[in-house]
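1. here is the input, now give the coordinates:
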Amino acid sequence: MSLLDEKLSEVLQKVQLLLQENQLQKQELQRLRLQNEELRAQQDRLQEELQAKSAQNAAQQQLQSQVSKYIEDIDSAIEWLKALD
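-> Next up, the predicted model:
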């Protein structure tokens, strides 16, 4: 084998290794893209859950405020009734 053939063979091997490495990197990139899509979907679901819980929390706070107002009104009515005695 001539020196030129040896050099060409070396270059070809290097090119094949680079192609293999490139293929592995493409596969890894595809895997990461899929993982990213899954994480985005999970983030969307969690955001929806958070919004639902926030709405529920706001409703509970409003209800608690109404209950507190009713208790105050009842206490005032009791005091008013006591004052009639």
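2. please enumerate the helices of the chain.
-> Secondary structure of the chain, counting by DSSP state H: helices at 3-84.
3. what residues does stretch 30-37 touch?
-> Under the contact criterion CB atoms under 8 Å, 6 or more residues apart in numbering, stretch 30-37 has no outside partners. C-betas here are computed from N, CA, C, even on glycine.
4. low-confidence stretches in this structure?
-> Low-confidence segments of the chain (pLDDT under 70): 1.
5. count of neighbours near Leu4?
-> The burial count assigned to Leu4 is 8, neighbours taken as other CB atoms under 10 Å.
6. so how far is Gln13 from it?
-> Computed as CB to CB, to the nearest Å, the Leu4 to Gln13 distance reads 15 Å.
7. Arg31 too?
-> 27 Å.
8. and stretch 5-13, what's buried?
-> Neighbour-count burial for stretch 5-13, counted by 16 or more other CB atoms under 10 Å, picks out no residue.
9. chain center to that stretch: distance?
-> 50 Å (CA atoms, centre = their mean, to the nearest Å).
10. kindly report the same for stretch 23-36.
-> Relative to the mean C-alpha coordinate of its chain, stretch 23-36 is positioned 20 Å out (CA atoms, centre = their mean).
11. again with stretch 39-57
-> Taking CA atoms, centre = their mean, one finds stretch 39-57 lying 8 Å from the centre of the chain it belongs to.
12. for stretch 17-35, same thing?
-> A distance of 25 Å separates the centroid of the chain from that of stretch 17-35, by CA atoms, centre = their mean.
13. C-alpha coordinates for that stretch, CSV please?
-> What follows is stretch 17-35, C-alpha atoms only, in CSV (Å, rounded to 0.1, in the frame of the first residue of the first chain):
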residue,chain,number,x,y,z
LEU,A,17,-15.7,8.3,13.0
LEU,A,18,-16.9,11.9,12.6
LEU,A,19,-20.1,10.7,10.8
GLN,A,20,-20.8,8.2,13.6
GLU,A,21,-20.2,10.9,16.2
ASN,A,22,-22.5,13.2,14.2
GLN,A,23,-25.2,10.5,14.1
LEU,A,24,-25.0,10.0,17.8
GLN,A,25,-25.2,13.7,18.4
LYS,A,26,-28.3,13.8,16.2
GLN,A,27,-29.9,11.0,18.2
GLU,A,28,-29.1,12.8,21.4
LEU,A,29,-30.5,16.0,20.1
GLN,A,30,-33.7,14.2,19.1
ARG,A,31,-33.9,12.7,22.6
LEU,A,32,-33.5,16.1,24.2
ARG,A,33,-36.1,17.6,21.9
LEU,A,34,-38.6,15.0,22.9
GLN,A,35,-37.7,15.5,26.6
